[in-house]
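Sequence and predicted structure are below.
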Amino acid sequence: MNRCGWVFTSFVGVVLAGTSAKAGMLTANFNDPDGIDFVNFDSTFSTGETGGSDNGSGASAAIIDATRTDTPGPGVDTYIPTNFQVFCVEIGQDIYVPQSSTFANVVLLSTTQSPPYYTTDPGNDTGPVVFDNTRTANLEKLFGSFYPAPTDVEATDAFQLALWKLAFDDDFSLTYDPSDPDQRMWVDPSNDPDPAVTAEAQSYLTAIANDVNNALPEAQLALLTDPTIQDQLALIPVGASPVPEPASAALMLPAGMLLVRRRRATK
């Protein structure tokens, strides 16, 4: 079983509750119809398949499809459409797909939030991820500019690798830097079975690092967290109206729709 992996059973239900006054509840069926793949990297993480920089590490990657089965409640969950997708954030946690699972919190991330920032529930030695304004902006650019097609396995792997890099490190390079004691993730070229994935992930990271004028498209993200399950990021249509019920949400917000915005360039 891989950390940040998908353990196969038969059904997934998810309940989300927000940490703020705009809490919501959400139940959904989760599935990964296009399968999973293993993304290789090296790290300072000391647990499970993600253990240590001296042994080949990595974790499973996939786009997970979700279909809501509940009626939206009075809170941020009403902005999550009937059909949506998620990518994992923490690495030292597992998610069981498909199976009933419960998330304790759902929040909409913001690039203008004041501390305390939203965080993931830590995995085994891999968190928490702190969504300060800079990290949130970088992840919004990743989702808004480079979201992969579900059937493009290489792009999915590269996207997940770039997501983890942005989540756990403050640098944008997948090359090991011995002078940086805070670097947590990199890829060893001598232990890289798929250099094309690494190169594509690095191209995303480089584009985000070079986007000093904030010209890249961005996307609104929701963070789904729980102490016992792999935390997730979901792309949320920007400016979406609250949905009265799952059936009507399916008509208003089709699965996989990416509505992105551009941040005005800074002067």
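Ah, there it is.

Report the residue spans of the stretch 1-150 of the chain with pLDDT below the cut-off.
Across the stretch 1-150 of the chain, the ranges flagged by pLDDT under 70 are 1-25, 47-56, 71-77, 100.

now with 80?
1-29, 46-57, 68-80, 95-104 (pLDDT under 80).

same thing with the stretch 151-267 of the chain?
Counting by pLDDT under 80, the stretch 151-267 of the chain contains low-confidence ranges at 228, 237-267.

which stretches of it form helices?
Along the stretch 151-267 of the chain, counting by DSSP state H, counting those that start in this stretch, helices occupy 153-168, 195-209, 246-252.

How many neighbouring residues does Ala62 have?
If you count neighbours by other Cβ atoms under 10 Å, Ala62 ends up with 27. Heads up, the C-betas are built off the backbone N, CA and C, glycines and all.

I'd assumed Asp37 was in contact with it.
Yes. Ala62 is within contact range of Asp37, at 7.0 Å (criterion: Cβ atoms under 8 Å).

hey, what's in contact with both of those two?
With Cβ atoms under 8 Å, 6 or more residues apart in numbering applied, the overlap between the contact sets of Ala62 and Asp37 consists of Thr156.

picking up where we left off before, so of the helices of the stretch 151-267 of the chain, which one's packed in deepest?
helix 153-168 (a mean of 24; mean count of other Cβ atoms under 10 Å).

Which elements pack onto it?
strand 37-43, strand 57-61, strand 83-88, helix 133-146, strand 185-186, helix 195-209 (3 or more Cβ pairs under 8 Å, 6 or more residues apart in numbering; DSSP states H and E).

can you put those in CSV and add distance to Thr175?
Formatted as CSV, these follow (distance: least, Cβ to Cβ, whole Å):
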stretch, distance to Thr175
strand 37-43, 11
strand 57-61, 16
strand 83-88, 23
helix 133-146, 18
strand 185-186, 6
helix 195-209, 8
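
closest to Tyr118 out of those?
Closest of these to Tyr118 is helix 133-146, at 8.5 Å (criterion: Cβ to Cβ).

Just the C-alphas of that closest one, formatted as PDB.
Extracted C-alpha coordinates of helix 133-146, given in PDB (Å, rounded to 0.1, in the frame of the first residue of the first chain):
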ATOM      1  CA  ASN A 133      -0.700  33.500   0.600                       C
ATOM      2  CA  THR A 134       2.400  32.700  -1.400                       C
ATOM      3  CA  ARG A 135       1.900  28.900  -1.400                       C
ATOM      4  CA  THR A 136      -1.800  29.300  -2.100                       C
ATOM      5  CA  ALA A 137      -1.100  31.600  -5.100                       C
ATOM      6  CA  ASN A 138       1.500  29.100  -6.500                       C
ATOM      7  CA  LEU A 139      -0.900  26.200  -6.200                       C
ATOM      8  CA  GLU A 140      -3.700  28.300  -7.800                       C
ATOM      9  CA  LYS A 141      -1.500  28.900 -10.700                       C
ATOM     10  CA  LEU A 142      -0.600  25.200 -11.000                       C
ATOM     11  CA  PHE A 143      -4.300  24.200 -11.000                       C
ATOM     12  CA  GLY A 144      -5.400  27.100 -13.300                       C
ATOM     13  CA  SER A 145      -2.600  26.700 -15.800                       C
ATOM     14  CA  PHE A 146      -1.500  23.100 -15.900                       C
END
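
Would you pull up how far that helix lies from the middle of the chain?
With Cα atoms, centre = their mean, to the nearest Å as the basis, helix 133-146 stands 10 Å off its chain's centre.

outside of it, which residues touch it?
109-113, 117, 129, 131, 155, 159, 162-163, 166-167, 204, 207-208, 211, 214, 216-221, 233, 235, 258, 260-261, 263.

ChimeraX command for the buried members of those residues?
The following ChimeraX line selects those of the contacts of helix 133-146 that are buried, judged by 16 or more other Cβ atoms under 10 Å:
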select :109,110,111,117,129,131,155,159,162,163,166,167,204,207,208,211,216,217,218,219,220,221,233,235,260,263
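
Inside strands: which ones of the contacts of helix 133-146?
217-218, 220-221, 233, 235, 261 (DSSP state E).
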